[in-house]
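1. Mind looking at a prediction? Sequence and model below.
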Amino acid sequence: MQKKTKEKKEENKRFYGNIKEISIPTVIDYIQFSCILHIKTEQNEAALFFNEGKLSNLRINDKFNISSIDEIKKWDSGIFTFCDWEHDIETEIKYLKDILHLAEILKSDCELEINSAGHKGRIRISDGKVTNSEINNKTGTIALKEMLNFIEGSITKNLFEKKSVNFHLSTEDNNNQLITNNKIDTMNVKKLNASMDALKEDLEDALIASVIWTTADGQSIAAINPQPKAAALFNQVTGSISKTLSNSGFPGLNKYYLLDLEQNTMILILVFKDHQWGMLVDSSKIQLGLLLNVAMPNAFAGFEDALKG
């Protein structure tokens, strides 16, 4: 894979490469867009799911396990392929399950055209969810299962329109997807996931979104309803608040700050040494005392436990 200019990166292309010629860490560093990176060796196969260049999930063989990223980075033979899914593109039918998973992560609106041995079908996706499937006079779940069983054929993706990031996301359970990326380092991933699950239990349907990010670069390391732009924004807000307090001679920012916004919305930012945890909450569905005296202390305890490894 040759080095590409910015213009080349924006072209509608699928890239192939040999791991012996280009290491997997190099390939990962190259990716600055939403895509699926497929890697195949003699013994293993993996799919890495990227949301605007950030690793959001990882499948190794038949299991999703984000903590396997360090193992995959050590693979020194095999081939890789990836394509930019922000453009209309055609790819192999064998990637259908992974495409549906990436569409869910991105909350995409698109239509997939399926072609296999003379059979033609369509899968309509709205906000990342399959809303309609049809093939061979079959519709719904029956049609989708039939297409997922195809071994040979192609997928053409079109009508793609990635939704802009905003705060007001659905609170349905199937939207509350926990994601992590490859910047976790020594953090205990299981404990981090557990702390996110505990927050969901404490806040229930009052929780709209939750993001943990690193203060150094504002990059998300875990999220429910991913909000990368919001994480970057509030990372700057925290920095501005800290700087203003320091320059004004006030005591410094301590463990958290709370913003009461319009439309029954509150934002709670927990501040750790090298990380921050932002929560977007529907204030009409929870008492402030429960948020500050139950959910917040539990979140602090869970995250600090995950930091210990």
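-> Nice, thanks for sending it over.

2. All the strands of the stretch 101-250 of the chain, residue numbers only.
-> For the stretch 101-250 of the chain, applying DSSP state E, counting those that start in this stretch gives strands covering 110-116, 119-126, 129-135, 138-139, 154-158, 178-180, 207-214, 220-224.

3. what helices or strands is the third one leaning on?
-> The one in question is strand 129-135. strand 119-126, helix 140-148 (3 or more Cβ pairs under 8 Å, 6 or more residues apart in numbering; DSSP states H and E). Bear in mind the C-beta positions are built from the backbone N, C-alpha and C, glycine included.

4. Turn the strands of the stretch 101-250 of the chain into TSV, including distance to W277 and mean pLDDT.
-> Listed next are these as TSV, based on distance: least, Cβ to Cβ, whole Å; pLDDT from 0 to 100:
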stretch	distance to W277	mean pLDDT
strand 110-116	32	89
strand 119-126	30	89
strand 129-135	27	87
strand 138-139	43	86
strand 154-158	35	83
strand 178-180	14	43
strand 207-214	5	89
strand 220-224	9	82
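
5. Of the ones you listed, which is nearest F49?
-> strand 178-180 (8.6 Å; Cβ to Cβ).

6. rewinding a little: take the strands of the stretch 101-250 of the chain and write them to CSV, including mean neighbour count and distance to L253.
-> Putting the strands of the stretch 101-250 of the chain into CSV (neighbours: other Cβ atoms under 10 Å; distance: least, Cβ to Cβ, whole Å) gives the following:
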stretch, mean neighbour count, distance to L253
strand 110-116, 19, 42
strand 119-126, 18, 41
strand 129-135, 17, 39
strand 138-139, 14, 55
strand 154-158, 17, 45
strand 178-180, 21, 26
strand 207-214, 24, 16
strand 220-224, 24, 21
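
7. Indicate which one of those strands is closest to H275.
-> Nearest of these (Cβ to Cβ): strand 207-214, 5.8 Å.

8. Stretch 252-262 - what's its average pLDDT?
-> Average pLDDT, stretch 252-262: 91.

9. picking that back up, the strands of the stretch 101-250 of the chain into TSV, with extra columns for distance to E45?
-> Formatted as TSV, the strands of the stretch 101-250 of the chain follow (distance: least, Cβ to Cβ, whole Å):
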stretch	distance to E45
strand 110-116	21
strand 119-126	23
strand 129-135	24
strand 138-139	29
strand 154-158	18
strand 178-180	21
strand 207-214	30
strand 220-224	25
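
10. how about those strands, which one is nearest K273?
-> strand 207-214 (10.7 Å).

11. Now do that closest one: distance to the chain's middle.
-> 12 Å (Cα atoms, centre = their mean, to the nearest Å).

12. And stretch 79-96, by the same measure?
-> 18 Å.

13. got it, and stretch 104-114?
-> 15 Å.

14. And that stretch, end to end?
-> Stretch 104-114 stretches 18 Å from its first residue to its last (Cα to Cα, to the nearest Å).

15. can you redo the helices and strands packed on strand 129-135 as a markdown table with distance to G17?
-> Listed next are these as a markdown table, based on distance: least, Cβ to Cβ, whole Å:
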| stretch | distance to G17 |
| --- | --- |
| strand 119-126 | 29 |
| helix 140-148 | 28 |
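
16. Please identify which of those is closest to A232.
-> Checking the helices and strands packed on strand 129-135 against A232 by Cβ to Cβ gives strand 119-126 as the closest, at 26.7 Å.

17. contacts for that closest one?
-> With contacts defined as Cβ atoms under 8 Å, 6 or more residues apart in numbering, strand 119-126 is touched by 100, 103, 108-114, 130-136, 143-144, 146-147, 150, 153.

18. quick check: angle from it to helix 140-148?
-> Going by axes from the mean of the first three to the mean of the last three Cα atoms, to 10 degrees, strand 119-126 is angled at 120 degrees with respect to helix 140-148.

19. And strand 119-126, how far out from the chain middle?
-> Centroid displacement of strand 119-126 relative to its chain, using Cα atoms, centre = their mean, is 24 Å.

20. Strand partners (parallel or antiparallel) of that strand?
-> According to DSSP bridges, strand 119-126 forms sheet pairs with strand 110-116 (antiparallel), strand 129-135 (antiparallel).

21. I'd like the ones you listed laid out as TSV, including distance to I66.
-> Shown next, in TSV, are the strands paired with strand 119-126 (distance: least, Cβ to Cβ, whole Å):
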stretch	distance to I66
strand 110-116	24
strand 129-135	22
